[in-house]
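In: give me a 3D structure for the following:
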Amino acid sequence: MSKPKKNPGRFSRTRQPKSRARGERHGGHKLVTYEVRAIRDDRYADWTCVEWAAELGVSVAAVSQARRRITWRHVR
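Out: This is a model prediction of the structure:
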């Protein structure tokens, strides 16, 4: 009897598809690109995440993650 062959593609490091929807193309997006750019803009540095969340109607976590580039990393 021979050993079964290992499937190298089965256990990839990322387990994510190589192309996935990002930003506005993702069906569950809460922000749009121009809002993310405004959140990150230095002119609005004195605005808190709470103020942005109230202005845009999203959660504080969504604003905080966009500001820290945890989400929306692809937006410059």
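In: helices of the chain, start to end?
Out: Listed in chain order, the helices found in the chain under DSSP state H are 33-40, 49-56, 60-67.
In: quick check: mean pLDDT of the second one?
Out: If you average the pLDDT over helix 49-56, you get 94.
In: if you count neighbours, what's buried in that helix?
Out: Residues 49, 52, 53, 56 are the ones in helix 49-56 that count as buried (16 or more other C-beta atoms under 10 Å). Where you see a C-beta, it was placed from the backbone N, CA and C, and this is true even at glycine.
In: okay, these in TSV with distance to residue 66 next?
Out: Below are the buried residues of helix 49-56 laid out as TSV (distance: C-beta to C-beta, whole Å):
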residue	distance to residue 66
49	9
52	9
53	10
56	10
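In: and those residues, which two are the farthest apart?
Out: Maximum pairwise distance among the buried residues of helix 49-56 (C-beta to C-beta): 10.5 Å, between 49 and 56.
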